[in-house]
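# Generate coordinates for the sequence data below:
(one chain, ligands or ions: 1)
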Amino acid sequence: MVATSFTAMDVSTADQWAVIGAETARNQPRVAEQVLGLLRSLADITDGFSTDQLTHCLQTATRAERDGADDEVVVASLCHDVGKAISVPGHPQIAAAILQPYVRPEVHKMILVHQDFQGAHYYHHFGGDPDAREKHRAELSPEEWELAERFADEWDQKAFDPDYDTLPLEHFEDRVRALFSKAKLL
Ligand SMILES: [Fe+2]
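Numbers count the residues shown, from 1 in each chain. Modelled structure (predicted):
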């Protein structure tokens, strides 16, 4: 391990920041391993659904893949509920923040708005607005809207079937590692 010695940022040097930059880049593979660990931890969360949350995430990604989605969309689909490992309230924002540096904007938005898009399928059971997705109409381009709709209606809301032929996490791991190996944004 290489370490710098400054005790406050205002006495740091460019050389020291070059060391930190190189070390951070060398350690980038830990990001994917952390995400995979969070995904595995979802196997312990069921919260009354018919499948545990890992199976739900795997099934969502499997459906996306079988519908011809690209790798960014498939990995984002796999990770869309990873925020539930920390907190169910706010989980779309947690997953969207984890993914944002590594995916194109429309894929980030697909995850960020997914709960409101899902609302069409269940919010009426507890007095919520089934058209909650409409509040995002102005902020999404037609292409972004179409992807968010496809994600919620075709993949996510249908992914609670214990009898579905769901692909295992190992099937997706290489693509998780590839996606989180390099940020598009810092
Ligand atoms: Fe979901």
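# Arg63 and Phe151 touch, don't they?
No - between Arg63 and Phe151 there is no contact, the gap being 9.6 Å when judged by CB atoms under 8 Å. Glycine gets a C-beta too; all of them are placed from N, C-alpha and C.
# what residues does the chain put near the ion?
81, 156 (CB under 5 Å from the ion).
# Just the pLDDT for the residue lying closest to Ala61 once chain neighbours are set aside.
Computed as CB to CB, 6 or more residues apart in numbering, the closest residue to Ala61 that is not its neighbour in sequence is Leu78, at 3.8 Å. On the pLDDT scale, Leu78 is placed at 98.
# burial of Leu78, as a residue count?
Neighbourhood size, Leu78 [other CB atoms under 10 Å]: 29.
# What separation do you get for it and Glu143?
The gap separating Leu78 from Glu143 is 22 Å, by CB to CB, to the nearest Å.
# got it, and His124?
From His124 to Glu143 the distance is 28 Å (CB to CB).
# How about Trp155?
In terms of CB to CB, Trp155 sits 17 Å off from Glu143.
# So for these two, which sits in the more crowded spot?
More crowded of Trp155 and Glu143, by other CB under 10 Å: Trp155, with 24 against 9.
# Report the contact partners of that one.
60, 63-64, 67, 77 (CB atoms under 8 Å, 6 or more residues apart in numbering).
# where exactly do the helices run in the chain?
Counting by DSSP state H, the chain has helices at residues 14-26, 29-41, 53-66, 71-79, 91-99, 105-112, 114-118, 142-150, 169-179.
# which one of these lies closest to Thr4?
Thr4 lies closest to helix 14-26 among these, at 4.1 Å (CB to CB).
# who's in contact with the closest one?
Here helix 14-26 has contacts from 1-6, using CB under 8 Å, 6+ apart.
# between the residues you listed, which is nearest Asp47?
For these, the nearest to Asp47 is Met1 (39.7 Å; CB to CB).
# Neighbours of the residue lying closest to the closest one once chain neighbours are set aside, how many?
Using CB to CB, 6+ apart and skipping the chain neighbours, the partner closest in space to Met1 is Glu23 (7.8 Å). By other CB under 10 Å, the residues close to Glu23 number 13.
# Ok, the one 5 residues further on next?
The number of residues packed around Gln28, counting by other CB under 10 Å, is 12.
# Quick check: phi and psi on it?
Main-chain torsions, Gln28, degrees, to the nearest 10: phi -50, psi -30.
# Please report how far it lies from Ala183.
Taken as CB to CB, the span from Gln28 to Ala183 is 8 Å.
# give me the low-pLDDT residue ranges for this protein?
186 (pLDDT under 70).
# farthest residue from the center of it?
Going by CA atoms, centre = their mean, the residue of the chain most distant from its centre is Val11, 37.4 Å out.
# which residues does Pro105 contact?
So Pro105 contacts Glu144 (CB under 8 Å, 6+ apart).
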